[in-house]
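> Provided below are the primary sequence and the corresponding predicted coordinates.
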Amino acid sequence: MNARDPRTTAPARAQRIESTNDFVVKFANVNGSGSASANELFARSILRMGVPVSPRNIFPSNIQGLPTWYEVRVTEHGHLGRRGGVDLMVAMNPQTWERDVAEIEPGGYLMYDSTKAIHAAGLRSDINLIGVPLTDIAASKYVDAKERQLLKNIMYVGVLTGLLGIEPEVIAQLLGEQYKGKDRLIKPNLDAFMTGLHHARERLEEAIDLRVERRDAVGDRIFIEGNAAAALGCVYGGATVCAWYPITPSSSLAEAFQKYCTRYRVDKATGTNKFAIVQAEDELASIGIVIGAAWNGARSFTATSGPGISLMSEFIGLAYFAEIPAVIIDVQRGGPSTGMPTRTQQSDVTACAYASHGDTKHVLLFPEDPYECFEFAATAFDLAERLQTPVFLMTDLDIGMNHHLCAPLAWDDKRMHDRGKVMTEADLESGRDFGRYLDADGDGIPWRTLPGTHATRGAYFTRGTTKDAYARYSEAGPDYVYNMERLLKKFATAATLVPQPVIANASKKASHGVIYYGSTSPSMTEALGVLEQQGVHLNRLRVRAFPFASSIEEFILAHEFVFVVEQNRDGQLRSMLVNELQIDPARLVAVLHYDGTPITARFVVNAIAPRLLGTNVLPLRSGKAA
Amino acid sequence: MTYLAKPKLRHPTLPANRLGYTRRDYEGKISTLCAGCGHDAISAAIVQACWELEVEPHRVAKLSGIGCSSKTPDYFLGASHGFNSVHGRMPSVLTGANLANRDLIYLGVSGDGDSASIGLGQFAHLIRRGVNMTYIVENNGVYGLTKGQFSATADRGSKAKRGAINRDSPIDMVALALQLGVSYVARSFSGDKDQLVPLIKGALNHRGSAFLDVLSPCVAFNNHPGSTKSYDYVREHNDAVNRLDFMPHRDAIGAQYGPGEVIEITQHDGSLLRLRKLADGYDAGDRLAAMNHIHMHQARGEIVTGLLYIDPEADDLHENLATTRTPLNQLTEADLCPGANALDALNAELR
């Protein structure tokens, strides 16, 4: 994947990985020790030097004392997926010392706090050691224990700056931006940083063959978390009511919505809010508030994760059957049950697609990065109101809680919100026939009225029980079947309105394809490049929504077989392709990564290449992963 | 049957209110509940209260959960939008509806199973938030639609129709609402229209969460000897603390009332509540005293009815959230979308 030419240098025992702008640094810390901001400072400094980075937080479901990691992929070529493997480990947590040391690539580097005698167990002869007496230095400079800890973090950023050739001015500028308005904090941080930098320059010359060099490879891209981008999409999409219940990894989305609303939605003249945010008592109440608000004509949404979806299921069925718009953002984490609350997966796909009892189907959108989180969040409100049904934005922890480099968010001021089929007072006054569940236009989408519209016309009783086309209670079979068939027709209409798949062909004629979606995207792009170099050519299709566009079926049928790459155990999207499109399961080969870490290009290559290369072909068993 | 419309015949002598509506304009479909059901009397009281208050029927949104009581919004205010939501979850749907349009009147109708059993959590949080609405629990202590199981308001020791004795402690929703910060709370009896109609009117004009616990005997499953929610039992044990007269703010004040202490309470909208006190020393402005009074009389087997507590200066959820005066569902792109320039500026901050 990454070209590297390990070489032996005279003083070191081990080979040394040599690379400029293409390596992985991993920080092993204890959570609650203030490492997060120092690590992010490191990542941002490289970005400011024009070199793309792809950082990932790997954190526990805990506030203080447990291991936490921050992985930064430095990638001049812009591979934004997780690579796998570590070239430089900054091991600051004795608890995880052994596994951290074990994870380093041969020829890689271990930077550690050498204040105490090094723990011999787990040391390897094929890695290079960089000892820095960080605790000693911090103890000699600072009296206060908390100060020692926090500034020790900045100090190791200083050491890394010296080792890797990061421009110190960039760090100084970032510290200035970070502590804007709290100027007294700048000097101690800068002092600690310079202490680390001087240590590296004086004591650690030539210790490492990894370099950061200024480039112009970032362009106009922005660096943002998916949750923040989705929250902005809700602001631009005109959401006025947000009801939510705290759950990792979605909480920061609701908090970001609050932040952006405070910035953009407070009426200057009166100081009043053009939004309402309720932290509800649970997810049942969250979705109930969303449905009540949407019934009454406000754009409303909730943000949650898998366990919340389970709790909301009864209400989701009501919204489906009573045909009420609702936007549900599912920032997926590892399931089932409490599962892996701080790890990523795409394992709520079928739970959301068919949420609630009885025959139901829901619209799902699959953004690949923060740019699409923004775009699809705004679009979700248009779709929900146009289709009068729940719409799920299916993001995940990897997209939601990590900073990603992506295209700048874009908005066209001519774009208007599509409020869908709502009869006005004038429509009703003119005598237009109003049947709440009447397929008046042949697209399966009925007209609705909002409470309070007209003194004598257009009122109806919304219910989860069966009804006729005029919303009158009915247990008659034909009335029930009429509505259920119309809902299917509406779903077929939805397939033409949702974001269409992105299809790209290999550089040479290919008889096999690959289907993927969501956060798998950057690793898939990288993997396909590697596979091309190996002579494996695959056409690709990125699914962006359910119901499936007709082009997805055409793509599958045009290939001998198609890999379906997902981050769940059961091949959920694959099952849906089989069931919804009546595809022969043998045509769809599942490639599944679901250990809670983001899927890597290495994994994809290793799963796919043996099946298509030479003699090493595994028997194809449909539905089983490599 | 609920899909039967009432005949459109209108008696020419039916009095109209100042909006020109007769009581018939506030009615709904024909009830499908059992003959003699207390719930139908409550529906009639709602019709009477809305007619007297001169509320425009379509400016009311009526919401309910699941159960006999939750079916009743189909039987009154036929020109209003109704929402029969899911079991025990009407409070959240009402909260959302209220957030979307603060200019409508919100009327929640629920039962003791819907609000005290499956929906106790949502009931509690709705009251805590001070959602501006009138919430009526039609309380019969029993599950009617599923044929006679006890609900969480059934009194300990009360007897089910088939003979089972309830061993669980009852939930007193009035006491609970008081503890949770309700700003208007009353208890009444479906068989006492004179008491009930003014209480509903006062609740509809109250800004904040108004809760009415209305004992409403179930003629099919909870109206037998041994039940503590039967017509006979409630009539015998009813102890009214006060009688309420509701005076719209435009009416000349000066109507004379009989002997007894009279207290006047002005609500936010200027309407006047005139309380004729029946119980010595009862103060409807004292939350702690109200709780104490209820519990003391409960211990004696008495059901205290009347306006039990009111805070005429209460805030509602919109005040607490500082939402704009314009209903949120009427804001446009210009109000809501910060535009391309703001996004460009934000992009610049994210580099």
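Arrived safely, thanks for sending. Since this is a predicted model, take the numbers as computed values, not measurements.
> now the stretch 1-150 of chain B, which segments are flagged as low pLDDT?
Along the stretch 1-150 of chain B, the model assigns pLDDT under 70 to residues B:1-10.
> got the residues of it near chain A?
B:2-3, B:56-59, B:61, B:63, B:73-74, B:78-86, B:89, B:91-101, B:103-104, B:121-122, B:124-125, B:129 (Cβ under 8 Å from any Cβ of the partner chain). C-beta coordinates here come from the backbone N, C-alpha and C atoms, glycine included.
> Out of those, which sit inside helices?
B:91-100, B:121-122, B:124-125, B:129 (DSSP state H).
> Out of the residues of the stretch 1-150 of chain B next to chain A, which end up buried?
Listed as buried from the residues of the stretch 1-150 of chain B next to chain A are B:2-3, B:56-59, B:61, B:63, B:73-74, B:78-86, B:89, B:91-101, B:104, B:121-122, B:124-125, B:129; burial here means 16 or more other Cβ atoms under 10 Å in any protein chain shown.
> what helix or strand does the spatially most central residue of chain A sit in?
With distances taken as Cα atoms, centre = their mean, the residue of chain A nearest its centroid is A:Ile399 (1.6 Å). Element membership for A:Ile399, per DSSP states H and E: helix A:397-401.
> is chain B contacted by that helix?
No - Helix A:397-401 does not reach chain B (Cβ under 8 Å from any Cβ); its nearest approach is 15.5 Å.
> Which elements pack onto whichever helix or strand comes after that helix?
Using DSSP H and E, the helix or strand that directly follows helix A:397-401 along the chain is strand A:403-406. When contacts are defined as 3 or more Cβ pairs under 8 Å, 6 or more residues apart in numbering or on different chains; DSSP states H and E, strand A:403-406 packs onto helix A:35-48, strand A:53-58, strand A:222-225, helix A:370-387.
> host element of residue 318?
Defaulting to chain A. Going by DSSP H and E, A:Leu318 is part of helix A:306-322.
> actually it's chain B I care about, not the one you picked
helix B:317-321.
> Show residues contacting that helix.
A:Asn273, A:Ala276, A:Ile277, A:Val278, B:Thr95, B:Asn98, B:Leu99, B:Arg102, B:Arg129, B:Gly130, B:Val131, B:Asn132 (Cβ atoms under 8 Å, 6 or more residues apart in numbering or on different chains).
> Make TSV out of those and add distance to B:Leu14.
Shown next, in TSV, are these (distance: Cβ to Cβ, whole Å):
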residue	distance to B:Leu14
A:Asn273	45
A:Ala276	41
A:Ile277	47
A:Val278	43
B:Thr95	36
B:Asn98	32
B:Leu99	37
B:Arg102	33
B:Arg129	40
B:Gly130	38
B:Val131	34
B:Asn132	31
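> Determine which two of these are furthest apart.
A:Ile277 and B:Asn132 (17.6 Å; Cβ to Cβ).
> So the two - more neighbours on which side?
A side-by-side neighbour count of A:Ile277 and B:Asn132, using other Cβ atoms under 10 Å in any protein chain shown, places B:Asn132 first with 23 against 19.
> Cross-check the contact I'm expecting between the more buried one and B:Asn98.
Yes - counting by Cβ atoms under 8 Å, B:Asn132 does reach B:Asn98; the two are 6.3 Å apart.
> Find residues that contact each of the two.
B:Tyr106, B:Leu317, B:His318.
> any idea how far the last one lies from A:Lys508?
Spelled out, that is B:His318. Using Cβ to Cβ, to the nearest Å, B:His318 is found at 63 Å from A:Lys508.
> higher neighbour count, those two?
Legend: neighbour count by other Cβ under 10 Å for B:His318 and A:Lys508, higher for B:His318 (22 against 8).
> Distance-wise, check that one relative to B:Leu331.
14 Å.
> repeat for A:Val72
In terms of Cβ to Cβ, A:Val72 sits 42 Å off from B:Leu331.
> Those two: who's more crowded?
A:Val72 (24 against 19).
> tell me which element the more buried one is part of?
Assigned by DSSP H and E, A:Val72 falls in strand A:67-75.
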